[in-house]
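Student: Model the structure of this input:
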Amino acid sequence: MNSMTGFGRATQIVDGLQCIIEIKSVNSRFLDLNIRSPKQVNSVEHSIRKCIQKTIHRGKVDVFVTLQDVADREKQFIINSSLKHQIQDLLVSEGFYREPQEVPLSAVMAISNDWVQIQDSEVTEDVLQSLVTDTTTNALNALVSMRQSEGIHIQQDLLHRLSQMTNIIEDINSHKADAVIAYKENLRTKMMDYVEGLDITANEDRLLQEVAIMADKTDITEEIVRFRSHVVQLTNTLKMDEPIGRKLDFIIQEMNREVNTIGSKAMDITLTDHVVQLKCELEKVREQVQNIE
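Tutor: From the prediction side, this is the model:
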């Protein structure tokens, strides 16, 4: 089970070209992949995207790619004079300088440095492809490792909370019969007080009939059985070796529905207290599930 939160970083150098790739991910309902890379990487960006999509299924993933030539070799500079002159003319037309010749290189570079490019013929497309792909794989492995480690902690917490909820639902089950008895005695007391005021005889059969009707309407056996089933299903799902976040979302919704029904049928303060505890645990589980891929 993987968390959706993680970070991975990798550095690799091939033929004097250094590639640094950082990948970070946070929670998201679907896979939201964003890649920020220099222009040199545009031709191989699809390889980065493809590599990540094979491994990551959910989360907002940001990828940062840095390329740097660290080799001690001669470089060939390409000057785009037309772009340089356009920038100088722009600064003159805006009143910063009187003549294009007065515009210093620092002012031109402050507007754009695209007019100066370095051509490195020794770095081929295949080398760049291999470098970026391998570095992405290493950064991705680091990210996945962190997500798996975080996933283990979340799994342990969820299993603990499922154990807590199992205990609570068993307490509810053990008190449901007492709630009917308490309702019967309460109804008997009210009827006796009522008939005494009217000076008539209470009908015991009628009392039992009312209790039976109310007990049937407020029976929570089915809800308890379904909740137990959901706990087992959730426990088994947590142990699956695949993305399970959306499935867990659905199971939690079903469990919450059963708890709400139990709460609406609760006949005494003991059951109500247990329902409140169950809802609190469910909310904590729901928050944790939002972190799961």
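
Student: Tell me the helix or strand right after the helix or strand bottoming out on mean pLDDT in the chain.
Tutor: The weakest-scoring helix or strand in the chain, judged by mean pLDDT, DSSP states H and E, is helix 204-217 (a mean of 62). The C-terminal neighbour of helix 204-217 among helices and strands, as given by DSSP states H and E, is helix 221-238.

Student: And that following helix, what's buried?
Tutor: Across helix 221-238, burial judged by 16 or more other Cβ atoms under 10 Å covers 223, 224, 227, 228, 230, 231, 233, 234, 237, 238. No exception for glycine: its C-beta is placed from N, CA and C like everyone else's.

Student: what's the model's confidence in stretch 27-34, averaged?
Tutor: For stretch 27-34, mean pLDDT rounds to 92.

Student: what's the answer for stretch 178-187, then?
Tutor: Here the average pLDDT along stretch 178-187 is 66.

Student: Spell out the residue ranges of the strands in the stretch 101-250 of the chain.
Tutor: 116-119 (DSSP state E, counting those that start in this stretch).

Student: Wait, a strand at residue 77?
Tutor: Yes: counting by DSSP: H, G, I helix; E, B strand; the rest coil, residue 77 is part of a strand.

Student: Bridge partners for it, pull those for me.
Tutor: residue 118 (DSSP bridges).

Student: again, but for residue 8
Tutor: Counting by DSSP bridges, residue 8 is bridged to residue 23.

Student: Give me the neighbour count for the residue lying closest to residue 227 once chain neighbours are set aside.
Tutor: Of all residues not flanking residue 227 in the chain, residue 258 sits nearest, at 4.5 Å (Cβ to Cβ, 6 or more residues apart in numbering). Counted with other Cβ atoms under 10 Å, the neighbours of residue 258 add up to 22.

Student: Surely residue 258 is within a strand?
Tutor: No: using three-state DSSP, the secondary structure at residue 258 is helix, not a strand.

Student: Can you give me every residue that contacts it?
Tutor: 223, 226, 227, 230 (Cβ atoms under 8 Å, 6 or more residues apart in numbering).

Student: what's the longest helix along the chain packed up against?
Tutor: Counting by DSSP state H, the longest helix found in the chain is helix 125-198. Judged by 3 or more Cβ pairs under 8 Å, 6 or more residues apart in numbering; DSSP states H and E, helix 125-198 is in contact with strand 6-14, strand 17-26, helix 45-55, helix 204-217, helix 221-238, helix 269-289.

Student: Can you tell me which of the contacts of residue 258 comes closest to residue 117?
Tutor: residue 230 (61.2 Å; Cβ to Cβ).

Student: Output the below-cut-off pLDDT ranges for the stretch 1-150 of the chain.
Tutor: 72-75, 118-123 (pLDDT under 70).

Student: what number of residues lie near residue 106?
Tutor: Neighbour count of residue 106, defined by other Cβ under 10 Å: 7.

Student: any idea how far it is from residue 251?
Tutor: Separation of residue 106 from residue 251 (Cβ to Cβ, to the nearest Å): 62 Å.

Student: rewinding a little: quick check: which of the helices and strands packed on helix 125-198 has the most neighbours on average?
Tutor: Across these, averaging neighbours per residue (mean count of other Cβ atoms under 10 Å) puts strand 17-26 on top, at a mean of 21.

Student: Residue 64: what secondary structure?
Tutor: strand.

Student: Identify the bridge partners of it.
Tutor: Going by DSSP bridges, residue 64 forms beta bridges with residue 22, residue 36.

Student: ok, it - how many residues close by?
Tutor: So residue 64, with other Cβ under 10 Å, has 15 neighbours.

Student: Report the contact partners of it.
Tutor: Residue 64 neighbours (Cβ under 8 Å, 6+ apart): 21, 22, 23, 36, 37.

Student: Can you convert those into TSV and add a column each for distance to residue 13?
Tutor: Formatted as TSV, the contacts of residue 64 follow (distance: Cβ to Cβ, whole Å):
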residue	distance to residue 13
21	13
22	16
23	19
36	21
37	17
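
Student: ok, those residues vs residue 244, which is closest?
Tutor: residue 23 (21.8 Å).

Student: quick one: the closest one and residue 62 touch, right?
Tutor: Yes: using Cβ atoms under 8 Å, residue 23 makes contact with residue 62 at a distance of 7.3 Å.

Student: Roughly how far does the residue nearest to residue 125 when sequence neighbours are not counted sit from residue 170?
Tutor: Computed as Cβ to Cβ, 6+ apart, the closest residue to residue 125 that is not its neighbour in sequence is residue 43, at 6.7 Å. Applying Cβ to Cβ, the value for residue 43 to residue 170 is 62 Å.
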